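Student: Coordinates for the following, if possible.
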Amino acid sequence: MPGRMDEEGAGVDVGREGDGGIQGGDAPLPAPQSGGAAVPYREVYAEYADQAGAALEGSYIPLGMKQYVRDYFSSLGP
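Tutor: All right, here's what the predicted structure looks like:
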């Protein structure tokens, strides 16, 4: 099984999956809970769209790719 190493090259135990969730160290982590979102998508979409627009303007995206990125975020709309 592939593992991870710390800065000195020593092996680090990353845990394993089991029936009770992912094991990490001595205590098992709880299994993920299923359920609905706490806030409706339509209520948060405008804020996320504003943040995506700001990121588009403030990040380097090759000119030929900007429209593809805009189209992607537009497709996420409610």
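Student: residues near residue 29, how many?
Tutor: By other CB atoms under 10 Å, 13 other residues sit near residue 29. (Glycine included, C-beta is placed from N, CA and C.)
Student: For it, grab phi and psi.
Tutor: phi -80, psi 150 (degrees, to the nearest 10).
Student: What of the one 5 residues further on?
Tutor: Summarising the backbone geometry of residue 34 under the convention degrees, to the nearest 10, its torsions are phi -100, psi 150.
Student: just residue 30 next, same as before
Tutor: Torsion angles, degrees, to the nearest 10, at residue 30: phi -70, psi 150.
Student: burial of it, as a residue count?
Tutor: Neighbours of residue 30 (other CB under 10 Å): 9.
Student: Please apply the same query to the one 3 residues further on.
Tutor: The local packing of residue 33 (other CB under 10 Å) involves 5 other residues.
Student: Which elements pack onto the one helix or strand residue 73 maps to?
Tutor: Taking DSSP states H and E as the definition, residue 73 sits inside helix 63-75. If contacts are counted by 3 or more CB pairs under 8 Å, 6 or more residues apart in numbering; DSSP states H and E, helix 63-75 sits against helix 41-58.
Student: Please pull up the helix or strand immediately following the helix or strand of the chain with the lowest mean pLDDT.
Tutor: Within the chain, no helix or strand scores below strand 21-24, which has a mean of 50 by mean pLDDT, DSSP states H and E. Using DSSP H and E, the helix or strand that follows strand 21-24 towards the C-terminus is strand 27-28.
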